[in-house]
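1. Have a look at this prediction, sequence included:
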Amino acid sequence: MNDLPVLLDQNRAPIYEALQTFRQMRVVPFDVPGHKHGRGNPEMTAFLGEKCVTIDVNSMKPLDNLCHPVSVIKEAEELAADAFGAAHAFLMVGGTTSSVQTMVLTTCKRGDKIILPRNVHRSVINALVLCGAVPVYVNPEVDDRLGISLGMRRDQVFKAIRENPEAVAVLVNNPTYYGICSDLKAIVRMAHDAGMFCLADEAHGTHFYFGAGMPTSAMEAGADMAAVSMHKSGGSLTQSSFLLTGPQMNPGHVRQIINLTQTTSGSYLLMSSLDISRRMLALRGREIFAKVTTMADYAREEVNAIGGYYAFGKELVNGDSIFDFDPTKLSIHTRDIGLAGIEVYDILRDEYDIQIEFGDIGNILAYLSIGDRTQELERLVSALAEIRRRYQRDGSGLLDTEYLDPEVVATPQEAFYAPKKSLPLDETEGCVCSEFVMCYPPGIPILAPGERITRDILDYIKFAKEKGCSMTGPEDPDILRLNVLA
Amino acid sequence: MELWFSEFHAPDVKHSIRINKHLYSQQSDYQRIDIFDTPEFGRVLALDGNVQLTERDEFIYDEMITHVPMAVHPSIKDVLVIGAGDGGVVKELARYERIERIDLVEMDPEVIKACRAYLPENASRLDDRRVHIYYDNALRFIRRCSEQYDLIIVDSTDPFGPSEGYFTREFYGICYNALREDGIMVNQQGSPFYQHDAEAMQRSHQRIVHTFPISRVYQAHIPTYAAGYWTFGFASKKYHPVDDLDAEGWNRLNLQTKYYTTRLHVGAFCLPAFLEKLLKEVEG
């Protein structure tokens, strides 16, 4: 493998080009989808636009097939691999969730141990439910002031590897939702020295591959697989994603794993958006992310000038648990104005018509990207200034820590499928939970299947509900009851 | 040869003005700026294809946005003007000797440059010693201010372009904070007639009502604006626009005006039933 031409032409976008040609050919469709270039569903066509629905087509010879790419999709994947510095790239249409699950399912079998930080996205633990692997959690450091989970310290990873030499993989968030990076190169080295794979959840790291002065990307650090949310900072359509692999991985095997759960009707809207976005980033990513970084730096300065808020940045870097910080992230600590992040998040939306990415107990995150302009940043900063003027209060009643150290009693798969009973929330203390509880976003589980329920966790769930966090996971949508092992 | 400038006042309504000559056209960082010479309206300034002022009818807008608050608040000394790069509002304000300071915040230097060159009469008082011009985003400028102005005049373009931020709750909030305890904010609030405009007017009225203890809308007839019918918002911390009108005091100043009178002042706040209803809907 990798006998590709040394330099691929990143001006090309093979799927996009094939779809353009296809449109011009005016092919008569006697295949699916049944809307037939939109004609069969005029209301949908009027809403989504004719240009869009005419390329909502099925796999066919000139357009290749996502389950077994041989032509334009294969070329698009080669271009993507080249752009990201990977040995292979896979176009994914099931969100970065599908990329994350493929990483876990490729490297872990039932009973295998995987080392990972507890502040992983739910998709990681979902994958453990599917395959029966056993999580070995590395407790991320918690920043006392901000109340957020940080990266994994090198010595913690080292200890986990030493104590679990039979583990098969180490998974790293690169970066966390808040933009915090672990020392990925060192962790890759430790994992490889111990004969383990190193996997990176780069749902928030697409721009690391293209911007200047960004934290190290997984492929550059030598990781074996990386799940990259192209639709987040990369500008492609929601639900599209890339899975990247290093030279050690067998792409044929990875493809088989992908095909276990992936649709056989891959959307050409999603695939072409990946193709076009990859071209844009390869050609102009450097300037795009320089602009985003400048905007984020400006916003941090302005938010910090308001007083009370703390928009954090590179000054947090400590060489270990905060090895690096993503400069495009605008994370703001709100507790010093006496408001939970989720309260600021709600006020911004309800009173100022500003939708931010998420608010948790102590922080908010405003997502900045390719599509932002300074004039909207001025609105955000001004609205924050107004919220402080109107709502500032004494914050002593706010809960302070975000990280709750879990006790894993059963594997996620055992707990998920075991006989269980439903109990009122308050009566579950000491029981083993068989389902997830999380605030979404960010989607990091407070409880995962197989974990012991403690008083602290119950208090946290109650507090988060009271503050208006959108809680998801359990069968009972109101989270008045939880399923526990019988 | 027939040369016409057309502007959509609504998706299905067009307003056209015959052009003698296209004097100026430039794309700035923020918007497209055009100045035409026309037989009926004299020189016309358009931003992004929307008429901002014409020499023939600018007096209506500039007088109504300026003299209404000036006739209510007896001791306005410090004034902040947002937008208004054409200088028309400043020209009216500069007629008051009691005003000590006029800060003008315009995001687009090219507008001021173009108006100085092609609308010199309008821009004539921009060089008044009391006028300080700041090229800045108004949100950014105002959120640094606290209780330092007696009057803020928001002379923005419509809420669907670069001025969108000047119709938001955060904008009205920082204006409130920048005003002294008896301060007044007057803003152009668009046309209440066509649906799209009426909805935008309602939205901004709702936001102002939630920000200021006193908030009233008044109207004027402006031929070149959508439907020829325009509204302004009068938002205030203390003074009522009609109850606190000092007609005698204003008339003693003996300012010559072409549209504004203190009798019209009172009438401008008497609104047609449909407009009263639109406003009431969002005041709840």
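-> In hand now; what should we look at? Numbers count the residues shown, from 1 in each chain, chains lettered A, B, ... in the order given.

2. use CA for all of it now, contacts and neighbours both
-> Noted.

3. got the buried residues for the helix or strand containing residue A:462?
-> Assigned by DSSP states H and E, residue A:462 belongs to helix A:455-466. The neighbour-count criterion (16 or more other CA atoms under 10 Å in any protein chain shown) identifies A:457-458, A:460-462, A:464 as the buried residues of helix A:455-466.

4. Might you calculate how far the helix or strand hosting residue A:295 sits from the centre of the chain?
-> Using DSSP H and E, residue A:295 sits within helix A:268-306. Taking CA atoms, centre = their mean, to the nearest Å, one finds the center of helix A:268-306 at 16 Å from the center of the full chain.

5. before we move on, back to that, residues making contact with the helix holding residue A:462?
-> By CA atoms under 8 Å, 6 or more residues apart in numbering or on different chains, the list of residues contacting helix A:455-466 from outside reads A:361, A:399, A:404, A:425-426, A:429, A:439, A:446-447, A:471.

6. strand partners of the helix or strand just after it, parallel vs antiparallel please.
-> Going down the chain from helix A:455-466, the next helix or strand is strand A:471-472, by DSSP H and E. Using DSSP bridges, strand A:471-472 pairs in its sheet with strand A:437-439 (antiparallel).

7. Which SSE is immediately downstream of the partner strand?
-> Where DSSP H and E defines the elements, the next helix or strand beyond strand A:437-439 is strand A:445-447.

8. neighbours around residue B:160, how many?
-> The local packing of residue B:160 (other CA atoms under 10 Å in any protein chain shown) involves 11 other residues.

9. secondary structure class for it?
-> Put simply, residue B:160 is coil when judged by DSSP: H, G, I helix; E, B strand; the rest coil.

10. so residue A:53 touches residue A:47, yeah?
-> No. Counting by CA atoms under 8 Å, residue A:53 stays clear of residue A:47, with 10.0 Å between them.

11. Let me see the backbone angles for the residue nearest the centre of chain B.
-> Nearest to the geometric centre of chain B sits residue B:155, at 3.3 Å (CA atoms, centre = their mean). Phi and psi for residue B:155, reported as degrees, to the nearest 10, are phi -110, psi 80.

12. All the helices of the stretch 351-486 of chain A, residue numbers only.
-> Ranges of helices in the stretch 351-486 of chain A, per DSSP state H, counting those that start in this stretch, are A:374-391, A:412-417, A:455-466.

13. Ok, the stretch 151-284 of chain B next?
-> Listed in chain order, the helices of the stretch 151-284 of chain B (DSSP H, counting those that start in this stretch) span B:169-178, B:195-209, B:247-252, B:262-268, B:273-283.

14. and those as CSV, adding mean pLDDT?
-> Converted to CSV, the helices of the stretch 151-284 of chain B look like this (pLDDT from 0 to 100):
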stretch, mean pLDDT
helix B:169-178, 97
helix B:195-209, 94
helix B:247-252, 97
helix B:262-268, 98
helix B:273-283, 96
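
15. looking at the ones you listed, which is buried most?
-> Of all these, helix B:169-178 carries the top mean neighbour count, a mean of 25, counting by mean count of other CA atoms under 10 Å in any protein chain shown.

16. Next one: that helix, is it in contact with chain A?
-> Yes. Shown here: helix B:169-178 in contact with chain A (CA under 8 Å from any CA of the partner chain) through B:169-171, B:173-174.

17. Domain ranges for the chain, per the record?
-> If you meant another chain, say so; for now it's chain A. According to automatic domain parsing, chain A comprises the domains A:66-281, A:283-391, A:412-485.

18. sorry, should have said chain B
-> Domain assignment for chain B by automatic domain parsing gives B:4-54, B:58-283.

19. what's the span of the first one from first residue to last?
-> Domain B:4-54 stretches 15 Å from its first residue to its last (CA to CA, to the nearest Å).

20. Show the average pLDDT along that domain.
-> Averaged across domain B:4-54, the pLDDT comes to 95.

21. ok now that domain, how far from the chain's centre?
-> Mean-position distance between domain B:4-54 and its chain equals 18 Å (CA atoms, centre = their mean).

22. Give me the buried positions along the helix or strand where residue A:350 lies.
-> Element membership of residue A:350, judged by DSSP H and E, is helix A:341-352. For helix A:341-352, a neighbour-count test (16+ other CA under 10 Å) marks A:341-348, A:352 as buried.

23. Just name the closest of the residues you listed to residue A:183, please.
-> Closest to residue A:183 out of those is residue A:341 (27.9 Å), distances taken as CA to CA.

24. Give me the neighbour count for residue 270.
-> All of this refers to chain A. Using other CA under 10 Å, residue A:270 has 22 neighbouring residues.

25. try chain B instead
-> Residue B:270 has 14 neighbours, counted by other CA under 10 Å.

26. Leaving out the residues flanking it, which one is nearest to it?
-> Leaving aside its sequence neighbours, residue B:270 sits nearest to residue B:218 (CA to CA, 6 or more residues apart in numbering or on different chains; 7.3 Å).

27. so who does residue 185 touch?
-> No chain in the question, so chain A it is. For residue A:185, the contact set (CA under 8 Å, 6+ apart) comprises A:221-222.

28. Can you look at chain B instead?
-> Taking CA under 8 Å, 6+ apart, we find residue B:185 in contact with B:151-154, B:175-176, B:233-236.

29. Let's see that with 6 Å instead.
-> B:151-153, B:235 (CA atoms under 6 Å, 6 or more residues apart in numbering or on different chains).

30. Also residue B:103?
-> Applying CA under 6 Å, 6+ apart, the residues contacting residue B:103 are B:80, B:131-132.

31. Quick check: the residue in chain A that chain B sits nearest to vs residue A:308, distance?
-> Proximity of chain A to chain B (CA to the nearest CA) peaks at residue A:383, 4.8 Å away. Residue A:383 sits 14 Å away from residue A:308, taking CA to CA as the criterion.

32. same check, this time on residue B:275
-> Distance, residue B:275 to residue A:308, by CA to CA: 42 Å.

33. Can you give me the buried ones in the strand with the most length in chain B?
-> Ranked by number of residues, the top strand in chain B under DSSP state E is strand B:179-190. For strand B:179-190, a neighbour-count test (16+ other CA under 10 Å) marks B:179-180, B:182-190 as buried.

34. try stretch A:479-486
-> A:479, A:481-485.

35. do the same with stretch B:97-106
-> The neighbour-count check on stretch B:97-106 (16+ other CA under 10 Å) flags B:99, B:101-106 as buried.

36. Flag every residue of the stretch 251-400 of chain A that's near chain B.
-> A:352, A:378, A:382-383 (CA under 6 Å from any CA of the partner chain).

37. what about 8 Å?
-> Residues of the stretch 251-400 of chain A lying close to chain B (CA under 8 Å from any CA) are A:351-352, A:375-376, A:378-379, A:382-383, A:385-386.

38. Need the worst-confidence member of these.
-> residue A:375 (89).

39. if we can go back for a sec, would you tell me which one of the domains of chain B is buried the most?
-> Buried most deeply of the domains of chain B, by mean count of other CA under 10 Å, is domain B:58-283, with a mean of 19.

40. How far does it stretch from one end to the other?
-> The first and last residues of domain B:58-283 sit 31 Å apart, counting by CA to CA.

41. Quickly find the element holding residue 81.
-> In the absence of a named chain, this looks at chain A. helix A:72-84.

42. wait, I meant chain B there
-> Taking DSSP H and E as the criterion, residue B:81 maps to strand B:78-83.
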